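In: Next one to model:
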Amino acid sequence: MERGDSNQPQWLFLLALLAGNCALALGPWFVRLADTGPVSAGFWRLGLAVPFLFLIARGTRQPMALHPAKLRWAVIAAGVIFALDIASWHVGIEKTRLANATLFGNSGSLVLMVWGFVLVRAWPRGKEWLAILCALGGAGILLGRSLEISVETLVGDLFCLLAGMFYAGYLLLLQDARRYLGGWSILAWSSAASAPVLLAIALMRGEPVWPTDWSPIIALFISSQLIGQGLLVFSLRHFPPLVIGLALLTQPAVASLAGWLAFGEVLGPADILGMVMLASALVISRATQPKGPSTGAKTTAS
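Out: Take a look at the predicted model:
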């Protein structure tokens, strides 16, 4: 652990890290409960949160100006990619088990690790090979188990995997933005750019947009965009990547429990093995990343 600028005790940051992951893990449950379409739920999740995110960014005195022009275009492009991430993930949540959706939706760190090999034109080494093998083995088991249930469940897994790839692209687009903006201001601007795209996608899909029961929608935006993101922004900078990766494991655990209690999704031994392998790959991939500021998403800010 790394001691922060404040005199807050380290256990408080750890509690915030775990609580933030737990709050994010409940997001798929609220997406299922919403009586809008899944992409519409994503629109409300971001749209309702945008004013609060800007208020928090200003209240914490983070820089807000989108200058130079390349920063503005990077944030807009990242917002579009973030919208595609949320749309793919929410569609997948409707079709597959909550545990699978959470694991595959968080696969962005694996994508970033592989992308790093492409950039430097180098082969993986040591733990990186282990992460790739665990990811392939775990994903293969979970995809195979989904196919045994139904083709629709497999399609849901693939949508969630696609979301993980979009999220990796979102993070890559915002790499330079972190030099100019803080975590809250990046999240505020990217969410503002994402919300109209999500609304357009929902309308093109013919989804119901206006909810008749606002409870799941309000719970979704509060748990995912305010509590979950807020606790992670507060705590992430105090921990090395390995600890962040280990804390990530609370998400599939909470999602599995929610899936079992709310929807009767029972995991067999093969499912558990696949989850352990894929989760181990996520932890290893995060442990190999340099420590840096987070922009926020499913694990840090989606």
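In: residue ranges for the helices of the stretch 101-250 of the chain, please.
Out: 108-120, 127-149, 151-173, 183-204, 215-220, 229-235, 241-248, 250-263 (DSSP state H, counting those that start in this stretch).
In: Of the ones you listed, which is nearest residue 28?
Out: Among the helices of the stretch 101-250 of the chain, helix 250-263 comes nearest to residue 28, with 6.1 Å by CB to CB. C-beta here means a position set from N, CA and C on the backbone, and glycine is covered the same way.
In: Can you give me the buried ones in the helix or strand that the closest one is followed by?
Out: Using DSSP states H and E, the helix or strand that follows helix 250-263 in sequence is helix 269-287. Within helix 269-287, the residues that qualify as buried by neighbour count (16 or more other CB atoms under 10 Å) are 271, 273-275, 277-287.
In: ok, back up a step: I'd like to know which of the helices of the stretch 101-250 of the chain lies nearest to residue 36.
Out: Using CB to CB, the helices of the stretch 101-250 of the chain put helix 215-220 closest to residue 36, at 7.0 Å.
In: so how far is residue 178 from residue 194?
Out: According to CB to CB, to the nearest Å, residue 194 and residue 178 sit 18 Å apart.
In: could the helices of the stretch 101-250 of the chain go into JSON lines alongside mean neighbour count?
Out: Output for the helices of the stretch 101-250 of the chain, formatted as JSON lines (neighbours: other CB atoms under 10 Å):
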{"stretch": "helix 108-120", "mean neighbour count": "17"}
{"stretch": "helix 127-149", "mean neighbour count": "17"}
{"stretch": "helix 151-173", "mean neighbour count": "21"}
{"stretch": "helix 183-204", "mean neighbour count": "22"}
{"stretch": "helix 215-220", "mean neighbour count": "18"}
{"stretch": "helix 229-235", "mean neighbour count": "23"}
{"stretch": "helix 241-248", "mean neighbour count": "20"}
{"stretch": "helix 250-263", "mean neighbour count": "19"}
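In: Residue 60: which of those is closest?
Out: helix 183-204 (5.9 Å).
In: For that closest one, which helices and strands make contact with it?
Out: If you count contacts as 3 or more CB pairs under 8 Å, 6 or more residues apart in numbering; DSSP states H and E, helix 183-204 packs onto helix 38-59, helix 69-95, helix 229-235.
In: any chance of the ones you listed in a markdown table, plus mean pLDDT and distance to residue 115?
Out: As requested, the helices and strands packed on helix 183-204 are exported to a markdown table (pLDDT from 0 to 100; distance: least, CB to CB, whole Å):
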| stretch | mean pLDDT | distance to residue 115 |
| --- | --- | --- |
| helix 38-59 | 95 | 25 |
| helix 69-95 | 94 | 14 |
| helix 229-235 | 83 | 22 |
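In: Tabulate those helices in TSV, adding columns for distance to residue 265.
Out: Shown next, in TSV, are the helices and strands packed on helix 183-204 (distance: least, CB to CB, whole Å):
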stretch	distance to residue 265
helix 38-59	17
helix 69-95	12
helix 229-235	26
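In: Go through these and name the closest to residue 264.
Out: helix 69-95 (16.0 Å).
In: how about the closest one: buried residues?
Out: 71, 74-95.
In: list the helices and strands it packs on?
Out: Under the contact rule (3+ CB pairs under 8 Å, 6+ apart), helix 69-95 is packed against helix 27-33, helix 38-59, helix 98-105, helix 151-173, helix 183-204.
In: which one of these lies closest to residue 144?
Out: Closest to residue 144 of the helices and strands packed on helix 69-95, according to CB to CB: helix 151-173, at 8.7 Å.
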